[in-house]
Structures are given as C-alpha cells and as structure tokens.
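S.K.: could you look at this predicted model? Sequence included:
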There are 2 protein chains.
Amino acid sequence: MADPVRHDKTARQLRLLSDALDSGRLGPVRRLVNTLSPAEIGNLLESLPPGKRTVVWGLVDPEDDGEVLVHVGDEVREGLIADMDQDELVAAVEDLDIDDLADLVEDLPDTVIDQVLKSMDRENRERLEQVLSYDEDSAGRLMNPDVVTVRADTTVDVVLRYLRLRAELPDHTDHLYVVNRRHQLIGWVALQSLVTCDTHTTINALIDGDLTALSVDASAEEVARQFSDHDWISAPVVDENNILLGRVTIDDVVDIIREQAEHQALGAAGLDEDEDLFSPVWRAMRRRLVWLSINLCTAFLAAKVVGEFEGTIHQLVALAVLMPMVAGLGGNAGTQVLALMIRGLALGQVGASNIRTLLWKEVRVALLNGLLMGSVLGVVVLVWFHNIGLSLVIATALTLNMLFAATAGVLVPVTIKRFGYDPALGSGIFLTMVTDVMGFFTFLGLATLVLVG
Amino acid sequence: MADPVRHDKTARQLRLLSDALDSGRLGPVRRLVNTLSPAEIGNLLESLPPGKRTVVWGLVDPEDDGEVLVHVGDEVREGLIADMDQDELVAAVEDLDIDDLADLVEDLPDTVIDQVLKSMDRENRERLEQVLSYDEDSAGRLMNPDVVTVRADTTVDVVLRYLRLRAELPDHTDHLYVVNRRHQLIGWVALQSLVTCDTHTTINALIDGDLTALSVDASAEEVARQFSDHDWISAPVVDENNILLGRVTIDDVVDIIREQAEHQALGAAGLDEDEDLFSPVWRAMRRRLVWLSINLCTAFLAAKVVGEFEGTIHQLVALAVLMPMVAGLGGNAGTQVLALMIRGLALGQVGASNIRTLLWKEVRVALLNGLLMGSVLGVVVLVWFHNIGLSLVIATALTLNMLFAATAGVLVPVTIKRFGYDPALGSGIFLTMVTDVMGFFTFLGLATLVLVG
C-alpha cells in the first residue's frame, strides 16, 4: 500500500509541538494545537507522554474539549477526564451530539451526567436515554436520533420551504427519510434529487426503492459491512415494527472500521485496542501478564513433551540443536494459514460450506512446502552433522509438522468462532501450542524410533 | 468489539447459495445473486472455490459485472477477467466511473483498453489519461475528475436552476466547489446550505472557510487519515497551483482503510492482501515459500547458537528441555511491544521526539514482567529438576531476554521505517530472530558459566 515515509503530517506536527514544549514557549504550542481538528488533537495527545499530555490538554480550546474526548481511546480518555474539573466537563460535553454523548457517558462521573441531563430539554434527554438502552456495539447505540423526515405526498417545493425554515440540517445529511403517520419508514429521498428535479414533483416520485434499513440491534460489525457493501453515507435505523429511530453516519462507521482493524492487530498479541501508548508501567505490566501467563502454560506443555525424550537427546545432542527449527517453521507456516482464515472469517467468506475445500487446499500447500523445506533442511543437516538418519528424520518431521500446522491453522479459528469467541484473539496461542508440541513430538519421537536405542 | 456470531449475513447467503449450487438449480442461484450489491457479490465470489466461482460469475447480471470487478482482490479479479470474452469485458467496464476504470486498467487486456478508449468521448478519454498519469497509491489516482463547480458571485437561485438543468450529480456529491476563472479552488459550499438558506444569498456568503484540499500527490494513507480526521464525505484534489482536478469520495477511502488493515494483518505473516482464499495450490505455495525461506535462515542462525553449546547440553539435558521456553516467552513479550509500535507508527504517533520515553517505559515493563515470570519459572524448574542453580539461571535468562525483546520490539520497527520500508511487513521476523538468538545465548551461556565445568 502507501509508502509510509511520504506524508507524515502527524509525525511532523508532533515534532514541532515537542520542540515548542521543550523550549517552554506555550504560546506557539497553543496556536499550533488549535489549528488542528479534534481528531488530530486526539491523535497528538495520544502520542504524548503523560506530563506533556496534561500541559497540551490544558491549552486546547475549551470548545473542542468534548469532540477531542470522543476521538481518543478509553484509557487516554480516562486520564484527560481526570485532569478536568466538574464544570469544565459539563461545558465540554453538554453540546455534543446524542451519539457522541452516549459514547462518553460510561467514562463520566455520575455528578457530571446528572448535570448534563438536567441541562438538556426533555426531548433530548429521552433520546439519550433511548440510545443508552441499546447494547454498546449495536446500531442503536451508534445512531443519532436527530433525523429529517418528510411525508410522501408533499411536493419538493414544500419540502424546500420547510428546510429553509429549519435553517440547519444534522451533519452528513445526504437523504431525507420518508415516513408515514405512524413514523414507519417508507423510503428515502436524496438531497441531490431535491436540488436537481422539478420543484413541483411530489416526494413520492423521488423515493429510492432500494432502501435497506439497519435493524436497531444489528452489531457494529454488521453495520460497518453494510455501509461498505452499499457505499452509504448514512443509513436509517428502525425497530422491529419498521419505526424510524435514528440514523448512523459514515464518520462513525469509519471509526468502527479503524477500531476493528486495531482490535485484530493488537488482539492477536493479547492487547486491547484502547491501550495507551504511554500507559503507566504498572498497568501495562498487569495487562500483558495475562497473555504471558497463558503462554507460560502452553510453553510448559511443550517443555513437558521434550522432557519425555531426555534420554534420546542425551544420546544425540544434535536433536536439541535442531528441534527448535522444526517447531518454529511449523509455527510460521501455521501463522500464514491463520492470517488468511481470520480475514476470511471476518469477511464472512469462510463457513461450513467451504471449510473442507479450504482445508484440502491448505493441506496440499503444506505438503508441497513441507517436502521442499524438509529437503533443504535435510541436506543442510546432512552437511552439518554427517548423519543421514538424522537428515531423513528432520525432513520427515518438518513435513509432518507443516501438515499439523495447516490443519490447526484452518480448524483452530473456526472452532473458536463456533464456540462464540473472537478468533482474532486466542487463535495464535493455540496454534503455536499445536506446532510446538507436535513439532517436538514428531521430531524427537521419530529420532527415538530410528536413531537411538 | 462486535460479537462475531450475531449477524453473519454473508455467511448465511453463502450457505444458501452453496446449497442451491450443490442441488444444481441455477435459477434460485441467479435470483439470490442478483439481489446483492456488487460489493456483496464480490465478497461471495471470493468465498467460492474456483469451479463454483465460474458458475456464479456467469449468472451475475452483466450490468453489475464492472462494479463487481472493482470490488474483488487483484488475484480473484484476474480469474474473473479470464472467464470473460472481449465483448463482455468492454461492455462491463465502459460505463464505469473514471476512478473505478483507472483502478481496473492494469488488469485488462490491451485490446479491451483500446476499445474502451475508442468508445469514450474525448473529454473522458483525456480525464482517464490524466488520472492514470499519477502514482497508483496517490490522491490523483483515487480521484474522480467529475466535479460540479460554481462561481462565487452567483446566487443560490441561479445555482439551483443550473443544477436542475444538469438533472444529475456525481455520486456522493455533498459539496459544490467554488472556483475562479482559472479553475483555481476558492472554497466549497455544502449542498445542505443550498437547501436551507435564502435563495437570494450569493455563493460567496456560503463558502466554508475551513477548506483543506488534498494535494494530487498525497499518498492514499494520507488521504485516509485526512478523511477520518475531518469527517469528510468528499474532498477536492488540487495541483501545486491550486487548480481543481477532481474529488475523492468516502466510499473509496473506506476501501483504502480496509485494504490497509488487511495489508497489515496479512503482511505480518508475509502474505499479500490480494491473496485469494482459493489460490491455486502451486501459486499459494510459491508465494508463502519466500517468507518461509527467510524464516529458515533465521532459524539456522538460532540453531547455530545452540550448536555452540552442545557440550553444555550433553552434560545437562534439562537445558534442552527448558531453552525453548526462554526463547518463546521472550518472543511473545516482544510481539506485544511490536503490535503497539506498529499501530503507533501507522497513526504517526511514534517519532524521534518520543521514542526514548517509549523505550524507557517498555524496558521497565519488561523488567517487571521478566522478574515476575522469571520467578514463577524458576520455582517450577526447582520443583521439576531439583536444581537450584538451574532455577536461578533460567530466571535470570528469562528476565534478560524479556529486556532484549522490549528493546527489539521498540527499535526494530522504527529502524525498518527509517530505511523507508513498511514496518508492518518485516518486523516480526527480525524480532523473533533477536529473541530466539538472545534467548538461547543467555540461557545456555549462563548455564555454561555457572552450572557445568
């Protein structure tokens, strides 16, 4: 993809800012920070160590505070909120859109929430409460209840007059929704058609029939997939009676897609996507420990297998020299299969209907690569240790372990998913457990059978 | 993030389709396929093995063929194009938008390109040639030259009349661009303002001052970052003289973000994001071999280190049993640091200004975790082998290797990036090379010094 060195705007800003901070001249820092969008400020704050982060946070225009809080990870957000007093917090969040406010609510102190609720009018308060009543990663929680609706029997002219009275539309309004008397969704009309068609046209004639609404309990993942499958800018959210509840906009979807990608990348290493680059040492340590502890257990299992062959290794120490290669190469081959499978599962491309075809393909790839890599390894071992038996044993063991790796690479993530867990998270540990244990076992086992005795 | 089992629409469609295919009733398959959007059809095709894929591809409505080709990975696309004759291909692609056509051009046979160029009017042909003159991953290549421009001194009323004459706007038009006589970009006006303001207002009064245009040579990565930092739906592209060349729309940006995420996830395992789930076995094998061969070399290096200590292992076989644990746990700890660093580099959050602070944080985390995990491992080893010296050696070696892992986790990706390469691709190999080599070396080295003699 893109060349990573070409346009590093953020890194450049960061350097400028860092120099200005180091020199202690806060005026230029303030000016620099307040030329940025809230998302950019959030990104900058995330890249600063705690001390500097507090200083820069204090310089952000209070008007942007709320939007910045929306744009940073949970852990960084907690720290920023801790730096603010109650009045600042209330002022920062009370003007946010309902969906953004809903996103923040969990991190706000109860007293702040109370004050914000009090400052809202009844309609908005009820809307917020409704949004909060849905699951955290659902369309209901992502939606903004602020939508513009029209009736099918009005003319464009009337609608335009209504819009001019309204004077302002919610952000990213690209469609008006057409509803009936019971507020059920009938269709949508593009803003584009309103400005291009004859003003006497009735809305009815402009309704786009290809409407698919999001169900209020659709998962964030499903919402993201629908948006990118249909190139939507916004989409209506309805309940089970087709009553229009709100709309989800592409900006939130882009955030979901980014978060999902981070979730997969960091989750594979047992980390959370909300992890702060500059987490306090104690917190970072504890968080990583969980994953390392599981790894310690699987590593013991592998060591236990090697331990069963102490006698064999004692007779032929070359086995100890070579056994990590068999395990490691198997692990790497399996990781490749795993990466393909996890993508396929995330895209919904892998399922019961094609899993056997996939397994059969991967087993054949592994067999070919195993035979080839095994031959190379066998020849090198022959030259190194002058032991034809050892050479044949390692070639065979590597081929077998590649087959185990391919099988585990296909079946482990599918099994984890079948049990309702996220395959991006735990698959790696189980895969390397298989390739370590089977790598050591086949290599040392074969050696015991063939070479010593 | 989202619960992966909740709404697997694609997987469900895939199962239905697969059942229908197996039963040989192509009528239902055709009906099912043609209820889907082109992106969904692309996704389905990617999830089918080659035989079924050809059958389903033949059933897709020819009108959707072009859009489907745009939405599949390079490798799958090649196969689909090979299934079409020249006339079908020309018909499929000639009505595509310029940016989509530019995206496909490299995969089309020359004769098809010639025919498509001939079928275009001169303006569109020149536009296509201009788009193709820019780098593949640049704003110039992503943009669509079809934009609606207005002059600053006209009134909304006049603009609306012009739009009604035009009758159609390009997809995702949310802004009209304001240009001067030399076609230089002055600002933009939201479609929303046109429908909400008084019709006598001049465009001048509606211009949004906060305009940032994309430079035509901005990288795809930079484009994606700007879009998500500013919550844009579309953005204008200008050359170095501020002359308006076209616009990039959010749907293409969503594709970029998805591709970048796949690139990182698959790249970490040495695979290409365009890899077909059902690549022919020979092709898949060759592609993976490159990565496995590099791994074979680094594994030899690690084996060479172990080989230096054959004498020590012969005297104390327990060392062979335990050494993979020291190397493996170091590798896992390093992978965690690496995952954080690669995200930080991708977001532009890591640079010269904070790298030392980061390294110091990670070294402290590693020291704490190393001491803790080392102690646990030491106690278990003491119980297992009743050898206090061995227990102390492994505890020390693990702690040291965790420190090496943290250092490599921070410095390897930064160094790879400094040399202009993509840190998401090669970092993992180098990291595990460091943790394997240093893990074996410190453990066996310490054991040689302390335990045997």
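M.R.: Cool, got the structure.

S.K.: tell me how far A:Val376 lies from chain B.
M.R.: According to CB to the nearest CB, to the nearest Å, A:Val376 stands 7 Å off from chain B. Every residue, glycine included, has its C-beta placed from N, CA and C.

S.K.: ok, that residue - contacts?
M.R.: By CB atoms under 8 Å, 6 or more residues apart in numbering or on different chains, A:Val376 lies in contact with B:Leu296.

S.K.: can we see that at 10 Å?
M.R.: A:Ala395, A:Leu398, B:Leu292, B:Ser293, B:Leu296 (CB atoms under 10 Å, 6 or more residues apart in numbering or on different chains).

S.K.: same question for A:Leu372.
M.R.: Counted by CB under 10 Å, 6+ apart, A:Leu372 has contacts A:Leu398, A:Thr399, A:Met402, B:Met285, B:Arg286, B:Leu289, B:Leu292, B:Ser293.

S.K.: how about A:Asp153?
M.R.: Per CB under 10 Å, 6+ apart, neighbours of A:Asp153: A:Val178, A:Thr202, A:Ile203, A:Asn204.

S.K.: please report phi then psi for it.
M.R.: As for A:Asp153, its main-chain torsions (degrees, to the nearest 10) stand at phi -90, psi 0.

S.K.: can you read off the pLDDT for it?
M.R.: For A:Asp153, the model assigns a pLDDT of 93.

S.K.: tell me how far it lies from A:Ser18.
M.R.: 61 Å (CB to CB, to the nearest Å).

S.K.: same thing with A:Tyr421?
M.R.: 41 Å.

S.K.: swap in A:Val156?
M.R.: According to CB to CB, A:Val156 and A:Ser18 sit 54 Å apart.

S.K.: also A:Ala447?
M.R.: For A:Ala447, the distance to A:Ser18 - CB to CB - is 56 Å.

S.K.: give me the more crowded residue out of those two.
M.R.: A:Ala447 (24 against 21; other CB atoms under 10 Å in any protein chain shown).

S.K.: check contacts around the more buried one.
M.R.: A:309, A:312-313, A:315-316, A:318-319, A:322-323, A:389-390, A:393-394, A:397.

S.K.: secondary structure element for A:Phe227?
M.R.: Taking DSSP states H and E as the criterion, A:Phe227 maps to helix A:220-230.

S.K.: the inter-axis angle of the helix or strand that that helix is followed by versus helix A:220-230?
M.R.: Heading C-terminal from helix A:220-230, the first helix or strand you meet, by DSSP H and E, is strand A:234-238. Between strand A:234-238 and helix A:220-230, the angle comes out at 130 degrees (axes from the mean of the first three to the mean of the last three CA atoms, to 10 degrees).

S.K.: next structured bit after strand A:234-238?
M.R.: Next in sequence after strand A:234-238, counting helices and strands by DSSP H and E, comes strand A:244-249.

S.K.: is it true that A:Tyr162 touches A:Leu169?
M.R.: No: using CB atoms under 10 Å as the test, A:Tyr162 is too far from A:Leu169 to be in contact (11.1 Å).

S.K.: how many neighbours does the nearest residue in space to A:Gly334 that is not next to it in sequence have?
M.R.: Excluding its sequence neighbours, the residue lying closest to A:Gly334 (CB to CB, 6 or more residues apart in numbering or on different chains) is A:Ala405, at 3.3 Å. Neighbour count for A:Ala405, taken as other CB under 10 Å: 31.

S.K.: by contact count, what packs against whichever helix or strand A:Ala405 is part of?
M.R.: Secondary structure from DSSP H and E places A:Ala405 in helix A:388-418. If you count contacts as 3 or more CB pairs under 10 Å, 6 or more residues apart in numbering or on different chains; DSSP states H and E, helix A:388-418 packs onto helix A:318-346, helix A:355-385, helix A:423-450.

S.K.: tabulate those helices in a markdown table, adding columns for mean pLDDT.
M.R.: Listed next are these as a markdown table, based on pLDDT from 0 to 100:
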| stretch | mean pLDDT |
| --- | --- |
| helix A:318-346 | 93 |
| helix A:355-385 | 95 |
| helix A:423-450 | 93 |
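
S.K.: deepest in the core, which of these is it.
M.R.: Burial of these is given as mean neighbour count (mean count of other CB atoms under 10 Å in any protein chain shown); helix A:318-346 ranks first at a mean of 26.

S.K.: chain center to that one: distance?
M.R.: 24 Å (CA atoms, centre = their mean, to the nearest Å).

S.K.: and the angle for that helix with helix A:355-385?
M.R.: Going by the same axes, to 10 degrees, helix A:318-346 makes 160 degrees with helix A:355-385.

S.K.: continuing past the host helix or strand of A:Glu126, what's the next helix or strand?
M.R.: Following DSSP H and E, one finds A:Glu126 within helix A:122-132. Using DSSP H and E, the helix or strand that follows helix A:122-132 in sequence is helix A:139-142.
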